[in-house]
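quick one: sequence and predicted model below, then my questions.
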Amino acid sequence: MHDDGRDVLITGVGLVSSLGKDTGEHVAHLCNGANAYAVDEQRFAPYCVHPLSQLDFAQQIPKKSDLKQMEAWQRIGVYAAGLALSDAGIAGDAELLQRTHLVVAAGSGERDIGVDCDVLDKLSQTDDSTALAKQVLPSALRPTLFLAQLSNMLAGNISIVHGVTASSRTFMGEEIAGLAAIENAFRRIAAGQIDIAIVGGALNAEREDLLLGYELGHNLWKGSYASVWDRAGAGGGFIPGGMGAFLVLEARAHATARNIEPYARIVDVATGRCDRTGGATQRALAELYGGLRDKPTGPLTVLSGASGAAPATAEEIAFIESLPSHGAEPIVRAFGSTFGHGVEAHFPTGLALAALATRHKLTPKATGNAEIERPFTGSTSNALVTCVGHWRGEGLALIGAA
């Protein structure tokens, strides 16, 4: 069921990745043909990682005490959120920040690898795990009471550092968390429940614990860099990418009253969670697309969040190839080929790119398989952002001119 209410606009974008530390650098990279991607093939070999650009976190997190107590993923998220708030003209406006709602997509936090290794080392020397727990854990645990930081600490730190003090919601669950966070903020604004929100997520991809966890499920791409589409036909797998993406979403009347220029309009968002058997992903995406309102005809920029994981990526290709039967001529760009895969932050990143492309009336350069990503010299006025989780969760967002 669609909300028949208010237009939802993107009025602020905060984006950091391996390609840049602000929106200007990302526009230059993706739309003006600069370096296609930045990848490290050696540090975690045989796995590739798109490393985060060097950031001066103090620019957005000025207190050293705040910086010290945050792990990297939180710093990335707080930094990106600060960029979005500044971009939307909200930063420092205490009255407006008190009315700005916060929606975050988060993982389970980062492991303390030093403590983990200490526990494993001592376990090899004793069978008494109870005594070991009493010996090691009281002095090693953080106040969060377990060996990873709590997922809602990102939202807490955004509130503390930037003063965002209306309601706060945190969604967990890999890609579906990013999908749910965006849809939640969008629906609440469209329904008139709130006027303004900041929504997004972050991923620190340069983590041995993260790589271990995903490789235990056989999810990672091994060997030299390959684009998303090329990986899909060679066994599949994703390349993690460090990124942080936050968006300020706002009701049109509220943005107009503030005299803020929007990037784009979120026309509609649809999410699902199919069982991933026998072509279910392709069917689910087609059903979600069929239910979107105000679908455009003619050329449609598809910013695909395909991860490269099999078989989901092959099924997304099949869905995209079916779009002409719906009246759309897809101009496909897989942003995972340039950014890597951001898991919780992936869908917000796709929307950030769509907002930039729509405002600047540019289409990102092709970076992958030429049969899928054909050349296009026109501008982006409508964009379909996809995100298909490597294991579960799928969603679409239709973006149009404001």
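Arrived safely.

all contacts plus neighbour counts: C-alpha atoms, from now on.
Will do.

now do the contacts for residue 180.
105, 171, 271 (Cα atoms under 8 Å, 6 or more residues apart in numbering).

what helix or strand is the last one on?
Put plainly, it is residue 271. Using DSSP states H and E, the element containing residue 271 is strand 264-272.

all strands for the stretch 251-400 of the chain, in order.
264-272, 298-304, 328-334, 382-388, 394-400 (DSSP state E, counting those that start in this stretch).

contact partners for the residue lying closest to residue 226 once chain neighbours are set aside?
Excluding the flanking residues, the one nearest residue 226 by Cα to Cα, 6 or more residues apart in numbering is residue 337, at 7.7 Å. Contact analysis of residue 337 by Cα under 8 Å, 6+ apart lists 37, 226-228, 367-368.

change it to 10 Å
By Cα atoms under 10 Å, 6 or more residues apart in numbering, the residues touching residue 337 are 36-38, 50, 225-231, 238-239, 241, 304-308, 366-368.

any of these buried? List them.
Buried subset of the contacts of residue 337 (neighbour count, 16 or more other Cα atoms under 10 Å): 37-38, 50, 225-229, 231, 238-239, 241, 304-308, 366-368.

from these, which land in helices?
228-229, 231 (DSSP state H).

in JSON lines, list these along with distance to residue 342 and pLDDT.
Output for these, formatted as JSON lines (distance: Cα to Cα, whole Å; pLDDT from 0 to 100):
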{"residue": "228", "distance to residue 342": "13", "pLDDT": "95"}
{"residue": "229", "distance to residue 342": "17", "pLDDT": "94"}
{"residue": "231", "distance to residue 342": "17", "pLDDT": "91"}
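
show me which of the residues you listed is closest to residue 393.
Closest approach between those and residue 393, by Cα to Cα: residue 228, at 18.1 Å.

my guess is the closest one meets residue 312, correct?
No: if you go by Cα atoms under 10 Å, residue 228 and residue 312 don't touch, sitting 11.5 Å apart.

for the two, list the residues in contact with both.
Listed as contacting both residue 228 and residue 312 by Cα under 10 Å, 6+ apart are 236, 306.

nearest residue to residue 99 in space, ignoring adjacent ones along the chain?
residue 166 (5.3 Å).

mind listing what that neighbour touches?
Contacts of residue 166 by Cα under 10 Å, 6+ apart are 96-102, 159, 196-197.

which element is it on?
Going by DSSP H and E, residue 166 is not in any helix or strand.

any idea how far it lies from residue 121?
Separation of residue 166 from residue 121 (Cα to Cα, to the nearest Å): 45 Å.

also residue 107?
27 Å.

neighbour count: these two, which is higher?
More crowded of residue 107 and residue 121, by other Cα atoms under 10 Å: residue 107, with 25 against 11.

thought the more buried one was touching residue 155?
No: judged on Cα under 10 Å, residue 107 makes no contact with residue 155 at a distance of 11.9 Å.

need the overlap of contacts for these two.
Here residue 107 and residue 155 have 170, 201 as joint contacts, going by Cα under 10 Å, 6+ apart.

first vs last residue of stretch 373-381, how far apart are they?
18 Å.

one more: stretch 119-136?
Counting by Cα to Cα, you get 7 Å between the two ends of stretch 119-136.

buried set for it?
Neighbour-count burial for stretch 119-136, with 16+ other Cα under 10 Å as criterion, is recorded at residue 119.

return the mean pLDDT over it, rounded to an integer.
In this model, stretch 119-136 has a mean pLDDT of 73.

next one: stretch 334-346
Stretch 334-346 comes out at a mean pLDDT of 97.

which strands and helices sit next to the strand holding residue 271?
Contact here means 3 or more Cα pairs under 10 Å, 6 or more residues apart in numbering; DSSP states H and E; on that basis strand 264-272 packs against strand 8-16, helix 175-190, strand 243-251, helix 280-291, helix 346-360, strand 382-388, strand 394-400.

what strands line up against the third one, and which way round?
Using DSSP bridges, strand 243-251 pairs in its sheet with strand 8-16 (antiparallel), strand 196-203 (antiparallel).

the helices in the stretch 1-150 of the chain, which residues?
Remark: helices assigned in the stretch 1-150 of the chain by DSSP state H, counting those that start in this stretch are 23-31, 64-69, 72-87, 94-97, 113-123, 129-140.

most tightly packed of those?
helix 72-87 (a mean of 26; mean count of other Cα atoms under 10 Å).

how near is the residue nearest to residue 226 to residue 290?
27 Å.

identify the residue nearest the geometric centre of the protein.
For the chain, the residue sitting closest to the mean C-alpha position, by Cα atoms, centre = their mean, is residue 345 at 2.1 Å.

surely that one and residue 203 touch.
Yes: counting by Cα under 10 Å, residue 203 is a contact partner of residue 345 at 6.3 Å.

okay, and the common contacts of those two?
With Cα under 10 Å, 6+ apart, residue 345 and residue 203 have common neighbours 77, 105-107, 241-245.

from those, which shows the smallest pLDDT?
Lowest-confidence member of the shared contacts of residue 345 and residue 203: residue 107, scoring 88 (pLDDT).

for residue 8, see how far away that one is.
Noted for residue 107: a distance of 27 Å to residue 8, by Cα to Cα.

for residue 159, same thing?
The separation that residue 159 has from residue 8, given Cα to Cα, amounts to 23 Å.

these two: which has the busier surroundings?
residue 8 (29 against 20).

in space, what's closest to that one - neighbours in sequence excluded?
Nearest in space to residue 8, with sequence neighbours left out and distances taken as Cα to Cα, 6+ apart, is residue 251 at 4.9 Å.

ok, now residue 300?
Closest to residue 300 by Cα to Cα, 6+ apart is residue 330, at 4.9 Å.
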